[in-house]
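*Asks:* Provide a 3D model corresponding to the input given below.
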Amino acid sequence: VAQVRLIFKLPPRAAQELFPDVLAPGHLAYVERFTPFTVADSAHGMYKVKRRRDALGARLASVIEVRHIRRSCHLLPVSGPVIPREWTSSTVLDRCDTFWVNSFSDLHMYMTFY
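*Replies:* Model (predicted):
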(Lines give C-alpha, C1' and ligand atoms only; values in the text may rest on other atoms or scores of the structure.)
Protein backbone atom coordinates (compact mmCIF):
# COMPACT_ATOMS: atom_id res chain seq x y z
CA VAL A 1 0.00 0.00 0.00
CA ALA A 2 1.24 3.46 -0.88
CA GLN A 3 -0.22 6.95 -1.03
CA VAL A 4 0.20 8.64 -4.39
CA ARG A 5 1.40 12.20 -3.79
CA LEU A 6 2.34 13.28 -7.33
CA ILE A 7 2.17 11.98 -10.89
CA PHE A 8 4.64 13.45 -13.36
CA LYS A 9 6.62 12.85 -16.53
CA LEU A 10 10.24 13.76 -17.08
CA PRO A 11 10.94 16.35 -19.76
CA PRO A 12 12.51 14.72 -22.86
CA ARG A 13 15.95 16.24 -22.22
CA ALA A 14 16.05 15.06 -18.60
CA ALA A 15 14.80 11.59 -19.57
CA GLN A 16 17.54 11.30 -22.20
CA GLU A 17 20.20 12.39 -19.72
CA LEU A 18 18.99 10.12 -16.90
CA PHE A 19 18.28 7.08 -19.08
CA PRO A 20 20.87 7.05 -21.88
CA ASP A 21 20.80 4.02 -24.16
CA VAL A 22 17.50 2.71 -22.72
CA LEU A 23 13.84 3.52 -23.19
CA ALA A 24 12.92 6.20 -20.65
CA PRO A 25 9.94 5.51 -18.38
CA GLY A 26 6.56 7.05 -19.11
CA HIS A 27 4.57 8.68 -16.35
CA LEU A 28 6.02 8.37 -12.85
CA ALA A 29 4.42 8.56 -9.41
CA TYR A 30 5.94 9.84 -6.19
CA VAL A 31 4.45 7.59 -3.48
CA GLU A 32 4.74 7.37 0.30
CA ARG A 33 4.92 3.78 1.44
CA PHE A 34 3.11 1.82 4.15
CA THR A 35 4.21 -1.34 5.94
CA PRO A 36 3.56 -4.72 4.31
CA PHE A 37 0.59 -6.83 5.39
CA THR A 38 1.19 -9.21 8.26
CA VAL A 39 -1.71 -11.07 9.86
CA ALA A 40 -5.38 -10.20 9.39
CA ASP A 41 -7.25 -9.08 12.51
CA SER A 42 -9.21 -12.00 13.96
CA ALA A 43 -12.31 -9.86 14.66
CA HIS A 44 -12.94 -8.46 11.17
CA GLY A 45 -10.30 -9.92 8.84
CA MET A 46 -8.79 -6.61 7.77
CA TYR A 47 -5.06 -5.89 7.65
CA LYS A 48 -3.42 -3.04 9.52
CA VAL A 49 -0.82 -0.89 7.79
CA LYS A 50 1.32 1.95 9.14
CA ARG A 51 3.31 4.65 7.43
CA ARG A 52 6.89 3.55 6.88
CA ARG A 53 9.44 5.94 8.36
CA ASP A 54 13.20 6.21 8.35
CA ALA A 55 15.43 6.45 11.46
CA LEU A 56 14.74 10.20 11.72
CA GLY A 57 10.96 9.77 11.47
CA ALA A 58 10.58 11.01 7.90
CA ARG A 59 8.10 9.17 5.68
CA LEU A 60 9.66 6.66 3.29
CA ALA A 61 8.88 7.46 -0.30
CA SER A 62 9.65 6.07 -3.75
CA VAL A 63 9.32 7.06 -7.36
CA ILE A 64 7.66 4.29 -9.37
CA GLU A 65 6.24 3.94 -12.86
CA VAL A 66 2.50 4.59 -12.94
CA ARG A 67 2.02 1.32 -14.81
CA HIS A 68 3.00 -0.52 -11.60
CA ILE A 69 0.03 0.90 -9.69
CA ARG A 70 -2.61 -1.83 -9.55
CA ARG A 71 -5.66 -0.23 -7.95
CA SER A 72 -6.90 2.12 -5.30
CA CYS A 73 -7.83 0.89 -1.84
CA HIS A 74 -10.01 2.15 0.97
CA LEU A 75 -8.14 2.94 4.19
CA LEU A 76 -9.95 3.25 7.52
CA PRO A 77 -8.07 5.31 10.12
CA VAL A 78 -7.23 3.59 13.39
CA SER A 79 -7.89 5.74 16.43
CA GLY A 80 -8.47 5.38 20.12
CA PRO A 81 -11.88 5.80 21.77
CA VAL A 82 -12.05 9.43 20.57
CA ILE A 83 -11.37 10.54 17.00
CA PRO A 84 -9.21 13.68 16.94
CA ARG A 85 -11.13 16.80 15.85
CA GLU A 86 -8.41 17.79 13.40
CA TRP A 87 -9.07 14.66 11.33
CA THR A 88 -11.32 15.51 8.41
CA SER A 89 -11.84 13.76 5.10
CA SER A 90 -9.25 16.17 3.69
CA THR A 91 -6.60 15.72 6.39
CA VAL A 92 -6.91 12.22 7.83
CA LEU A 93 -4.43 10.62 5.40
CA ASP A 94 -1.78 13.11 6.49
CA ARG A 95 -2.56 13.18 10.21
CA CYS A 96 -3.16 9.50 10.95
CA ASP A 97 -0.31 6.97 10.72
CA THR A 98 -2.19 3.67 11.12
CA PHE A 99 -5.02 2.35 8.94
CA TRP A 100 -7.10 -0.74 8.29
CA VAL A 101 -7.16 -1.80 4.62
CA ASN A 102 -10.84 -2.32 3.84
CA SER A 103 -10.98 -5.63 2.01
CA PHE A 104 -14.78 -5.37 1.88
CA SER A 105 -14.95 -2.16 -0.21
CA ASP A 106 -15.80 -4.06 -3.41
CA LEU A 107 -15.86 -7.57 -4.82
CA HIS A 108 -12.50 -7.30 -6.58
CA MET A 109 -10.79 -6.14 -3.39
CA TYR A 110 -12.44 -8.95 -1.43
CA MET A 111 -11.31 -11.55 -3.98
CA THR A 112 -7.77 -10.12 -3.87
CA PHE A 113 -7.54 -10.85 -0.15
CA TYR A 114 -9.50 -14.12 0.19
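*Asks:* buried stuff in stretch 84-102?
*Replies:* Residues 92, 96, 99-102 are the ones in stretch 84-102 that count as buried (16 or more other C-beta atoms under 10 Å). Where you see a C-beta, it was placed from the backbone N, CA and C, and this is true even at glycine.
*Asks:* and these, which of them are in strands?
*Replies:* Judged by DSSP state E, the buried residues of stretch 84-102 include 99-101 as members of strands.
*Asks:* now, among the residues you listed, which is nearest to H74?
*Replies:* V101 (7.5 Å; C-beta to C-beta).
*Asks:* wait, what's in contact with the nearest residue to that closest one once chain neighbours are set aside?
*Replies:* With sequence-adjacent residues excluded and distances taken as C-beta to C-beta, 6 or more residues apart in numbering, V101 is closest to Y47, at 4.9 Å. By C-beta atoms under 8 Å, 6 or more residues apart in numbering, the contact list for Y47 reads 37-41, 100-101, 103, 113.
*Asks:* Can you read off the pLDDT for Y47?
*Replies:* As predicted, Y47 sits at a pLDDT of 95.
*Asks:* thinking again about what came up before, tabulate the buried residues of stretch 84-102 in CSV, adding columns for pLDDT and distance to A55.
*Replies:* Output for the buried residues of stretch 84-102, formatted as CSV (pLDDT from 0 to 100; distance: C-beta to C-beta, whole Å):
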residue, pLDDT, distance to A55
V92, 95, 26
C96, 96, 22
F99, 97, 22
W100, 96, 26
V101, 96, 26
N102, 94, 31
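*Asks:* from memory F37 sits against V101, does it?
*Replies:* Yes - between F37 and V101 there is a contact under C-beta atoms under 8 Å: 7.4 Å.
*Asks:* Can you work out which residues contact both of those two?
*Replies:* Common neighbours of F37 and V101, counting by C-beta under 8 Å, 6+ apart, are 47, 49.
*Asks:* Shouldn't R5 be within a strand?
*Replies:* Yes - counting by DSSP: H, G, I helix; E, B strand; the rest coil, R5 falls inside a strand.
*Asks:* What is the end-to-end distance of stretch 46-54?
*Replies:* End-to-end distance of stretch 46-54: 25 Å, with C-alpha to C-alpha, to the nearest Å as the criterion.
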